[in-house]
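1. okay, predicted coordinates and the sequence, questions at the end:
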Amino acid sequence: MSVEPYREITFDKEGDGPAGQPAGLVALARQGVTDLVVFAHGWNSSPAGATRLCSDFFEPFPGLLAPGVEAGYAGVIWPSMMFTGEPVPDYRALVTVLPEKEPVLDRLTELLVTAPADEAAFAEFGTLLRELTDVAADGDDRAGAAGPRERVPEFLVGDPVEVCALFTEALEADAGRAEGFGQGSREGSGPAEGSGPAEGSGPAEGFGPAEGFGEGLKRYWKGAREVLRQATYYVMKKRAGQVGEFGLGPLLGEVARAAPRLRVHLVGHSMGARLVAYALKGLPSGARPVASVTLLQGAFSHYAFAARLPHDPRRSGALRDLQNRVRGPVVACYSRHDTALGVFYPLASRLAGDSASLTPAAGLLGTDDPRWAAIGHDGVQAVPGTVVRPLTAVLREGVPASGCVSVDTSDVVRSHSDICRAELARVVVSATRTGR
């Protein structure tokens, strides 16, 4: 580990963790630590890989702190997987984070590889997807592996042939647009170096060629790959919220009771940004241990903190006004080069929130509709008083002391996983008010 003292906070898919974790953080405060920086990863093919990411991310911090600052570090390790632009996540990563679903994943893989040209195979594919996501055929979300109940996407309960056909047609129709992003842009939406293969919009290793599916039903297995990707996104999205609200939030509440002077600074990447944001929701009433929050390429709605949604003023964001539970700033870093959030996140969100999106006219890949945009794509939206700054200004002048702040990091962040940057470390340190 590049920094000390460092602790790891581990949670299972329900947000449960080993006994004694709060006490370990309290012990740091009693040893003189005044500021604890907590980082939640957004991808993880193994616990060791997540620990390496924490080490790489934290490495610049000691050299940025002001003399006399006593900082501690913690990594939140949770069972997650990459959110990338790949049509199908790596099978091995899926088994790692969904081990109880290995027989289901085995059969899904077999269907995608063999691509049988018959409706019975597609019907089985649909049944397996619902089993993977713990969704009943009638659309009831059975919680389980996917977390607490919420609206079930239409593509999980619709006719599998029709759904896969629509995805196939949308993928083919938008192929020209995807090429318009350039190979570098699409490639940039993949995982960080060393985390596994991700070549443009092709399938994950082991699933066979993306093209050449032939005509008729066999051709629709191309769309089935994207359907599986969307299903795994649905599971990970709910899991991140579950771990944040019912795991990290209550844990921080315990720490605050025993070490009320410890200042906690939350940092999250991708789905990990969703996790730390939902931790605010899980804090006990009256607890305010969080001194700053920094969201790096956050994979959740840019309207999350809004009191009123622009397109429906009767509704609010899922984390309405929770920025007020933070004693300092809530900083959202975003980049226009993040294809995973600029193209694929809106697709996933759109299908989870609107059954009307399952029409040929909907244009499944890519959308300019702001209802479905991510906070890591264009920052905090619809929150009055939000400050918007380019990275150069923040590095020169620092982060405002409070409120929501959107920072355009496009100058240095060139892809979704491009977060181990000294400039981003400087943004975090500025938000914590611990810098030189």
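-> Cool, got the structure. Residues are numbered from 1 along each chain as shown.
2. for the protein, which segments count as strands?
-> 6-10, 35-40, 71-77, 263-269, 290-296, 329-334, 387-390, 403-408 (DSSP state E).
3. using CSV, lay out those strands together with mean pLDDT, distance to Thr432 and mean neighbour count.
-> In this view, the C-beta of every residue, glycine as well, is placed from N, C-alpha and C. Supplementary listing: these in CSV, determined by pLDDT from 0 to 100; distance: least, C-beta to C-beta, whole Å; neighbours: other C-beta atoms under 10 Å:
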stretch, mean pLDDT, distance to Thr432, mean neighbour count
strand 6-10, 97, 16, 18
strand 35-40, 98, 6, 26
strand 71-77, 97, 8, 24
strand 263-269, 97, 5, 27
strand 290-296, 98, 5, 27
strand 329-334, 98, 9, 28
strand 387-390, 97, 17, 16
strand 403-408, 98, 13, 22
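4. now render those strands as CSV, adding distance to Val152.
-> Putting those into CSV (distance: least, C-beta to C-beta, whole Å) gives the following:
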stretch, distance to Val152
strand 6-10, 29
strand 35-40, 26
strand 71-77, 28
strand 263-269, 26
strand 290-296, 27
strand 329-334, 28
strand 387-390, 35
strand 403-408, 31
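5. to Leu64, which of those lies closest?
-> strand 71-77 (9.8 Å; C-beta to C-beta).
6. run me through the strand neighbours of the closest one, direction for each.
-> Using DSSP bridges, strand 71-77 pairs in its sheet with strand 6-10 (parallel), strand 35-40 (parallel).
7. to Gly24, which of these lies closest?
-> That would be strand 6-10 among the strands paired with strand 71-77, by C-beta to C-beta, at 5.4 Å.
8. what lies in contact with the closest one?
-> 17-18, 21, 24-25, 28, 38, 47, 51, 54, 58, 72-78, 248, 251 (C-beta atoms under 8 Å, 6 or more residues apart in numbering).
9. for this structure, what helix or strand is lowest in average pLDDT?
-> helix 183-187 (a mean of 35; mean pLDDT, DSSP states H and E).
10. returning to that earlier point: adding distance to Tyr278, write the strands paired with strand 71-77 out as CSV.
-> Listed next are the strands paired with strand 71-77 as CSV, based on distance: least, C-beta to C-beta, whole Å:
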stretch, distance to Tyr278
strand 6-10, 15
strand 35-40, 10
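11. which one, of those, ends up nearest to Ala66?
-> strand 35-40 (10.5 Å).
12. now that closest one and strand 263-269, what's the angle there?
-> 20 degrees (axes from the mean of the first three to the mean of the last three C-alpha atoms, to 10 degrees).
13. so what's the most centrally placed residue in the chain scoring on pLDDT?
-> The structure's the chain has its C-alpha centroid closest to Met271; by C-alpha atoms, centre = their mean the separation is 1.7 Å. Looking at Met271, its pLDDT reads 91.
14. for Thr109, same thing?
-> pLDDT at Thr109 comes out at 88.
15. same thing with Phe213?
-> pLDDT, Phe213: 42.
16. in this structure Gly272 contacts Leu53, no?
-> No - at 9.7 Å, Gly272 does not count as touching Leu53 under the criterion of C-beta atoms under 8 Å.
17. please enumerate the shared neighbours of those two.
-> What both Gly272 and Leu53 touch, as defined by C-beta under 8 Å, 6+ apart, is the set His41.
18. if we can go back for a sec, which one of the strands paired with strand 71-77 lies nearest to Gly342?
-> Closest among the strands paired with strand 71-77, using C-beta to C-beta: strand 35-40, at 21.9 Å.
19. and the angle for that closest one with strand 290-296?
-> Using the same axes, to 10 degrees: strand 35-40 against strand 290-296 is 30 degrees.
20. restricting to C-alpha, output strand 35-40 in CSV.
-> Output of strand 35-40 as CSV, limited to C-alpha atoms (Å, rounded to 0.1, in the frame of the first residue of the first chain):
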residue,chain,number,x,y,z
ASP,A,35,-8.9,13.4,8.5
LEU,A,36,-9.9,10.1,7.0
VAL,A,37,-10.1,9.8,3.2
VAL,A,38,-12.4,6.9,2.2
PHE,A,39,-12.3,5.7,-1.4
ALA,A,40,-14.9,3.4,-3.0
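21. contacts for that strand, please.
-> Contacts for strand 35-40 (C-beta under 8 Å, 6+ apart): 9, 25, 28-29, 54, 57-58, 61, 69-76, 78, 244, 248, 262-269, 272-273, 275-276, 291, 428, 432, 434.
22. can you pull out the low-pLDDT segments for the stretch 1-150 of the chain?
-> Counting by pLDDT under 70, the stretch 1-150 of the chain has low-confidence residues at 43-45, 82-93, 137-150.
23. ok, residues contacting stretch 13-27?
-> So stretch 13-27 is contacted by 7, 9-11, 36, 72, 74, 78-79, 145, 147, 239, 242-248, 251, 254-255, 258-259, 262 (C-beta under 8 Å, 6+ apart).
24. hang on, the earlier thing: Gly272 and Leu53: which is more packed in?
-> Gly272 (33 against 24; other C-beta atoms under 10 Å).
25. how many other residues sit next to Pro103?
-> If you count neighbours by other C-beta under 10 Å, Pro103 ends up with 10.
26. kindly report the same for Ala48.
-> 10.
27. which one of the strands paired with strand 71-77 lies closest to Leu283?
-> Proximity to Leu283 (C-beta to C-beta) singles out strand 35-40 among these, at 13.1 Å.
28. chain center to the closest one: distance?
-> 17 Å (C-alpha atoms, centre = their mean, to the nearest Å).
29. for stretch 277-288, same thing?
-> The mean C-alpha position of stretch 277-288 is separated from the chain mean by 19 Å, C-alpha atoms, centre = their mean.
30. how about stretch 62-79?
-> Counting by C-alpha atoms, centre = their mean, stretch 62-79 comes out at 22 Å from the chain centroid.
31. let's number from 27 now, not from 1
-> Understood, numbering begins at 27; the last thing we discussed is stretch 88-105.
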